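Colleague: structure, please.
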Amino acid sequence: PKDAEKPVTGVSWQDAVAYCQWLSKETGNNYRLLAETEWEYLARLDDRRGIQDILGGFLEWTRDTFSPYPGAPAIEVEANTRIFRGRPEDRPDEEKTFRFLQKPDFSNELLGFRIVQEAGGGGQ
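Modeller: Model prediction:
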């Protein structure tokens with residue numbers, strides 16, 4: 001079914017991290033959310049497959065807390081503010097990605113996550 005190819009959405013950052021911890025414990029491998037830099041790398045692959053793959057109409061949590069880009073003006077945010085990345089669904093032809101800030105307990109029907117299995121074993 002087509003829905004089986006879609007990511008799980010409607011999850012908070014806390015839910016996503018809890019899933020990584022559970023999966024790590026169940027499998028003996030270490031799983032985590034993508035770092036923001038890893039997400040950005042995938043979205044910018046030269047052959048443009050990256051942006052099409054990572055921007056499937058969904059937004060994705062990253063593991064990182066907010067910090068401004070080097071040289072960007074500082075803004076005040078609450079401690080533990082998390083980052084999710086993507087492109088709004090109403091802009092399907094745009095190649096630009098966006099950076100969103102939110103509390104870790106926030107969820108949205110378009111917000112999901114992608115995980116990474118790290119080399120080596122044993123939990124997060």
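
Colleague: hey, where'd the strands end up in this structure?
Modeller: 29-33, 59-65, 82-86, 98-102, 111-113, 115-121 (DSSP state E).

Colleague: quick one: residues in contact with the longest helix seen in the chain.
Modeller: If you go by DSSP state H, the chain has its longest helix at helix 13-27. Residues from elsewhere that reach helix 13-27 (CB atoms under 8 Å, 6 or more residues apart in numbering): 11, 29-33, 61, 63, 82, 84, 102, 104-107, 112-113, 115, 122-124. No exception for glycine: its C-beta is placed from N, CA and C like everyone else's.

Colleague: one more time with 10 Å, if that's ok
Modeller: Residues from elsewhere that reach helix 13-27 (CB atoms under 10 Å, 6 or more residues apart in numbering): 8, 11-12, 29-33, 60-63, 65, 80-84, 102-107, 111-118, 121-124.

Colleague: re earlier: quick one: closest of the strands of the chain to Glu40.
Modeller: Of all the strands of the chain, it is strand 82-86 that lies closest to Glu40, at 7.3 Å by CB to CB.

Colleague: let me see the contact set for the closest residue to Ser12 other than its chain neighbours.
Modeller: Closest residue in space to Ser12, ignoring its immediate chain neighbours: Ser107 at 4.5 Å, by CB to CB, 6 or more residues apart in numbering. By CB under 10 Å, 6+ apart, the residues touching Ser107 are Thr9, Gly10, Val11, Ser12, Trp13, Gln14, Asp15, Ala16, Trp61.
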